[in-house]
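**Student:** Coordinates only, no sequence provided:
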């Protein structure tokens, strides 16, 4: 870990270290430590955990140091597709109302910081609502318990239609490879088996509907994509838990690209920004200092909405719609 104290706070070196150790376990290179890891069938014994961990750190110090220094955290948490699905329903229906359409707009989904592209399939997921109701694809291998308080302000009987989907990432993960799948899996906390199962199901879903994630800086990729007009589609720019990893310069360039595209949006070729990112809360301590807000902007309709907030993994989530200023 020496040297990471100079890293940007958002680069979470502690999580990079935990992921590097978890990956050794997943690769079968730390069998004694594996007995503490539920993701490989173990049960933690806290009194013996450090005794079994310390030799692994010494034995694999070079591998761990290299991975901590070179690895970018990539969780690509599929649970975030639950609030994304609801937010897209709201966006598609509000844009249609503004254009005088009876039916919601079909969507072109563009994700910045897409990692392995798992969250580009919100229409292919089964969202389980109370009472046995399911949104999305009831036959999907990925079933998400929404754990929603309230509901999105949208007609939930209207299907979500994603016609085009594309993503970019500065360091995309190739989930068609064992290396890529291990990379994402290593960043799931090993005692969070629900998240682990969701990720494995999302990887199976992705294999049936491949989407290539471009290796490109967000601003330049987005500028090229937004230059391609799509009349009849709502173009949605989406990102989740990525802003902390973006440099101030790229943030400014990304805002400028989006602002320029917003001036060219029309009722028949509308544009939306949908984000799920952390915000500081007043008076909170530790992890409770942060909440994760779902925010929506629509052009040219002019809507700017706070849709609600939830956990960093997208589940649970509370819908609470009000103006976003």
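**Tutor:** Looks like it arrived, so ask away. Owing to the predicted nature of the structure, the values given are computational and were not obtained by experimental measurement.

**Student:** what about the chain, any weak spots by pLDDT?
**Tutor:** Applying pLDDT under 70 to the chain flags residues 1-11, 282-288.

**Student:** Off-centre distance for the longest helix along the chain?
**Tutor:** Assignment by DSSP state H gives helix 81-99 as the longest helix of the chain. Here helix 81-99 is found 17 Å from its chain centre; the criterion is CA atoms, centre = their mean, to the nearest Å.

**Student:** Over to stretch 157-164?
**Tutor:** Offset of stretch 157-164 from its chain centre (CA atoms, centre = their mean): 19 Å.

**Student:** Tell me the buried residues in that stretch?
**Tutor:** 160, 162 (16 or more other CB atoms under 10 Å). Bear in mind the C-beta positions are built from the backbone N, C-alpha and C, glycine included.

**Student:** what's next to that stretch, contact-wise?
**Tutor:** Contacts of stretch 157-164 with the rest of the structure, by CB atoms under 8 Å, 6 or more residues apart in numbering, involve 85, 88-89, 92-93, 103-104, 106-109, 121-123, 135-136, 230, 233.

**Student:** what about 6 Å?
**Tutor:** 88, 89, 104, 106, 107, 108, 109, 123 (CB atoms under 6 Å, 6 or more residues apart in numbering).

**Student:** Of those, which belong to helices?
**Tutor:** Among the contacts of stretch 157-164, the subset assigned to helices under DSSP H consists of 88, 89.

**Student:** Which helix or strand contains residue 275?
**Tutor:** Per DSSP states H and E, residue 275 falls inside strand 271-280.

**Student:** That strand pairs with which strands?
**Tutor:** strand 234-240 (parallel), strand 290-299 (antiparallel) (DSSP bridges).

**Student:** Helix or strand next in line after the shortest one, which one?
**Tutor:** What it means is strand 234-240. Assigned by DSSP H and E, the successor of strand 234-240 is helix 248-264.

**Student:** buried stuff in that next one?
**Tutor:** Buried, per 16+ other CB under 10 Å, within helix 248-264: 250, 253, 254, 257, 258, 261, 262.

**Student:** That one packs against which elements?
**Tutor:** Packing partners of helix 248-264 (3 or more CB pairs under 6 Å, 6 or more residues apart in numbering; DSSP states H and E): helix 218-226.

**Student:** now the helix it packs on against strand 234-240, angle please.
**Tutor:** Orientation of helix 218-226 against strand 234-240 (axes from the mean of the first three to the mean of the last three CA atoms, to 10 degrees) gives an angle of 160 degrees.

**Student:** quick revisit: of all the contacts of stretch 157-164, which two lie farthest apart?
**Tutor:** The most widely separated members of these are 89 and 108, with 15.5 Å between them, by CB to CB.

**Student:** so the closest residue to residue 127 other than its chain neighbours, which of the three states?
**Tutor:** When the adjacent residues along the chain are set aside, residue 127 lies closest to residue 135, with 4.1 Å between them (CB to CB, 6 or more residues apart in numbering). Following DSSP: H, G, I helix; E, B strand; the rest coil, residue 135 is assigned to strand.

**Student:** Was I right to think residue 135 contacts residue 126?
**Tutor:** No. Using CB atoms under 6 Å, residue 135 makes no contact with residue 126, being 7.6 Å away.

**Student:** before we move on, back to that, packing partners of the longest helix of the chain?
**Tutor:** Counting by 3+ CB pairs under 6 Å, 6+ apart, helix 81-99 packs on strand 271-280, strand 290-299.

**Student:** hey, what's the closest residue to residue 325 other than its chain neighbours bridged with?
**Tutor:** Closest residue in space to residue 325, ignoring its immediate chain neighbours: residue 304 at 7.2 Å, by CB to CB, 6+ apart. Per DSSP bridges, the residues bridged to residue 304 are residue 297.

**Student:** How many residues are close by residue 304?
**Tutor:** Neighbourhood size, residue 304 [other CB atoms under 10 Å]: 14.

**Student:** go on, residue 30?
**Tutor:** There are 24 residues near residue 30, going by other CB under 10 Å.

**Student:** Tell me who's in contact with it.
**Tutor:** Going by CB under 6 Å, 6+ apart, residue 30 touches 24, 56.

**Student:** I'd assumed residue 36 was in contact with residue 190.
**Tutor:** No. With contact defined as CB under 6 Å, residue 190 does not reach residue 36; the gap is 8.1 Å.

**Student:** Helix, strand, or coil at residue 139?
**Tutor:** Residue 139 is classified as coil under three-state DSSP.

**Student:** and it, what are its phi and psi?
**Tutor:** Dihedral pair for residue 139: phi -100, psi 10, per degrees, to the nearest 10.

**Student:** Which parts of this protein belong to which domain?
**Tutor:** Annotated domains of the chain cover 4-70, 78-172+191-197+205-323 [automatic domain parsing].

**Student:** Check which helix or strand residue 50 maps to.
**Tutor:** Using DSSP H and E, residue 50 sits in helix 46-59.
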